[in-house]
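Using only what follows, build the 3D model:
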Amino acid sequence: MKQEITRILHEQGYILAYKFDKDEKGFATIKIALKYHPVTKTPAIKNLTRVSRPGLRNYTNVDNIPRVLNGLGIAILTTSKGIMTNKEAAAQRVGGEVLCYVY
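Predicted coordinates:
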């Protein structure tokens, strides 16, 4: 799940680069290079809010998929077709569990 979320953040332009490593014991680590504006040095990810948590899952259907900052941000959902953004889920007409909001 962490690898798919990292891939989505890279595709959407929120992170610069990423690399998955495994150590000698088989544990995986993710190295992420964050993206910053070249002039103002502000980060590309201004806020990352976790929505679903183990004590309270947040599910949505295709008609109520959330829009983040009126379409400027993304919501990451886990669906029956995999982990995807809110725009991809709306295009494929699937709902699921809302994991987080990124803007």
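
I'd like the distance between Asn70 and Tyr103.
Here Asn70 is placed at a distance of 10 Å from Tyr103 (Cβ to Cβ, to the nearest Å). Glycine gets a C-beta too; all of them are placed from N, C-alpha and C.

Out of those two, name the residue with the larger neighbour count.
Between Asn70 and Tyr103, Tyr103 has the larger neighbour count (other Cβ atoms under 10 Å), namely 15 against 6.

wouldn't that one be in contact with Lys46 here?
Yes - in terms of Cβ atoms under 8 Å, Tyr103 counts as a neighbour of Lys46; the distance is 5.9 Å.

Phi, psi for the residue lying farthest from the centre of the chain please.
Computed with Cα atoms, centre = their mean, the residue of the chain farthest from its C-alpha average is Glu24, at 28.6 Å. Summarising the backbone geometry of Glu24 under the convention degrees, to the nearest 10, its torsions are phi -70, psi -20.

same thing with Ala75?
Comment: the main-chain dihedrals of Ala75 come out as phi -110, psi 140, following degrees, to the nearest 10.

Is it bridged to anything, and to what?
Tyr101 (DSSP bridges).

which residues touch it?
Remark: with contacts taken as Cβ atoms under 8 Å, 6 or more residues apart in numbering, Ala75 is in contact with Val51, Ile65, Pro66, Arg67, Val68, Thr85, Asn86, Val98, Leu99, Cys100, Tyr101, Val102.
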